[in-house]
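> Show me how the following folds:
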Amino acid sequence: MERDNETKRRAALTKESSSLSIIPLYLYLFLWVMDSAKPELAREVLPLLRIYKDGSVERLRGTEVVPAGTDPQTGVSSKDVTIIPEIDLSARLFLPKLTNPNQKLPLLVYFHGGGFYLSTPFAPNYHNYLNSLVSQANVVAVSVNYRKAPEHPIPAAYEDSWAALQWVASHCNGNGPEAWLNEHANFERIFLSGESAGANIVHNLAMAAGRGDAESGLGVRLLGVALVHPFFWGSTPIGSEAVDPERKAWVDSVWPFVCPSMPDSDDPRLNPVAEGAPSLVGLGCGRALVCVAEKDVLRDRGLVYYTALAGSGWMGVAEMFETDGEDHAFHLHDLGCEKARDLIQRLAAFLNRDMLPWI
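Below is the predicted model:
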């Protein structure tokens with residue numbers, strides 16, 4: 001009897017061992033199939049994204065999503081809307097906590113940064129920033145989710161942003177598709193603002209608005225623009241740009257990557273003061289605030305832009321605000337720090353200041 005039990009036990013162990021040896025084989029085959037199904041890598045822009053030969057893009061940053069809703073700290077409400085379904089053009093709307101439901105509030109159309117190839121309005125840093133700014137400034141905001149390179153190279157971001165601005169303007173008579181804009185936005189006080197690449201978009205939209213022809217007419221007037229750490233560049237180094245060759249090389253590479261059809265860094269869309277660029281006298285708004293950060297590699301371009309705008313003969317009012325000791329887009333990473341609060345307060349004041357009577 002004992003011999004029979006021992007035989008059965010050994011048989012069971014042998015069977016179990018055979019089963020276990022098969023599992024790694026199946027696992028190996030599964031992993032091999034999955035790996036072989038992966039598209040071939042064409043280019044890496046580490047630590048930001050990978051591009052594959054089949055045209056697909058794997059973004060390694062800026063993909064986090066915060067759902068819309070009511071922010072418990074500020075009382076700001078947000079919701080997502082689709083503007084043009086065919087191209088997946090969308091936006092996140094922000095509404096401050098209302099003390100007077102009948103009051104019309106300044107309207108901010110906002111464009112996030114990310115080098116034209118990263119991030120969305122739904123990312124935590126931009127969502128939280130808009131909550132703070134909307135609460136402090138008491139404005140209605142539309143944060144635009146434009147298409148990104150390399151899948152959609154320049155001019156897609158500009159075209160999408162202009163289409164979004166036209167969609168916003170379609171509410172000026174109170175009969176647009178979005179109730180928050182119909183009921184709460186003051187279309188006599190429209191502002192554009194953006195960070196980095198978003199600030200670049202703001203400049204180019206304001207120039208298009210200034211042309212005022214039938215093709216680019218909005219039917220509304222832009223009161224002001226706020227450019228925060230704007231992404232402007234050029235082929236010839238200025239100021240301190242050449243001090244850090246590695247960082248300069250990185251910035252040099254961005255425009256050719258997002259705009260392969262016209263990779264010249266003196267493209268007027270990237271370098272508004274380049275030879276042959278349209279005069280800044282045509283900027284289509286009455287006020288402009290340019291914000292720069294002392295340690296930002298883009299700082300000197302922002303200062304040159306401000307100086308050129310103020311001296312161009314443009315009939316508006318140009319202002320400049322510099323944050324000492326900080327780098328590019330520092331406020332997005334620590335909204336609670338004193339200098340971030342100072343910047344948001346400066347922007348809020350800009351959005352609520354009345355236009356001078358002679359403008």
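
> tell me the mean pLDDT for stretch 145-160?
Averaging pLDDT along stretch 145-160 gives 97.

> Span of it from start to end?
8 Å (Cα to Cα, to the nearest Å).

> What is the neighbour count of residue 100?
A total of 7 residues lie near residue 100 under the criterion other Cβ atoms under 10 Å. For the C-beta atoms, the positions are set from N, CA and C on the backbone; glycine is no exception.

> mind checking how far it is from residue 171?
To residue 171, residue 100 is 20 Å away according to Cβ to Cβ, to the nearest Å.

> repeat for residue 185
Using Cβ to Cβ, residue 185 is found at 7 Å from residue 171.

> Kindly report the same for residue 315.
The spacing between residue 315 and residue 171, counted by Cβ to Cβ, is 27 Å.

> what about these two, which has more around it?
Neighbours were counted for residue 315 and for residue 171 using other Cβ under 10 Å; residue 171 has more, 21 against 10.

> Torsion angles phi and psi at the closest residue to that one other than its chain neighbours?
Nearest residue to residue 171, sequence neighbours excluded (Cβ to Cβ, 6 or more residues apart in numbering): residue 181, at 4.0 Å. Per-residue torsions, residue 181: phi -70, psi -40 (degrees, to the nearest 10).

> Could you list which residues are in contact with residue 181?
93, 107, 140, 142, 168, 171 (Cβ atoms under 8 Å, 6 or more residues apart in numbering).

> Okay, and which of those residues map to helices?
Among the contacts of residue 181, the members found in helices (DSSP state H) are residue 168.

> and the contacts of residue 181, which of them are in strands?
Within the contacts of residue 181, residues falling in strands by DSSP state E are 93, 107, 140, 142.

> right, and the second one touches residue 187 too?
Yes. Judged on Cβ atoms under 8 Å, residue 107 makes contact with residue 187 at a distance of 6.6 Å.

> Of those two, give the one with the bigger neighbour count.
Remark: of residue 107 and residue 187, residue 107 carries more neighbours, 26 against 19, as counted by other Cβ under 10 Å.

> mind checking how far that one is from residue 306?
Taken as Cβ to Cβ, the span from residue 107 to residue 306 is 24 Å.

> got it, and residue 183?
Using Cβ to Cβ, we find residue 183 at a distance of 36 Å from residue 306.

> Compare those two (neighbour count), which wins?
Each of residue 183 and residue 306 has its neighbours counted (other Cβ under 10 Å); residue 306 has more, 22 against 15.

> Pop out the phi and psi values for that one.
Residue 306 adopts backbone torsions of phi -60, psi -50, taken as degrees, to the nearest 10.

> Which residue is the nearest non-sequential neighbour of residue 126?
Counting by Cβ to Cβ, 6+ apart, residue 126 lies nearest to residue 112, which is 4.8 Å off, once chain neighbours are set aside.
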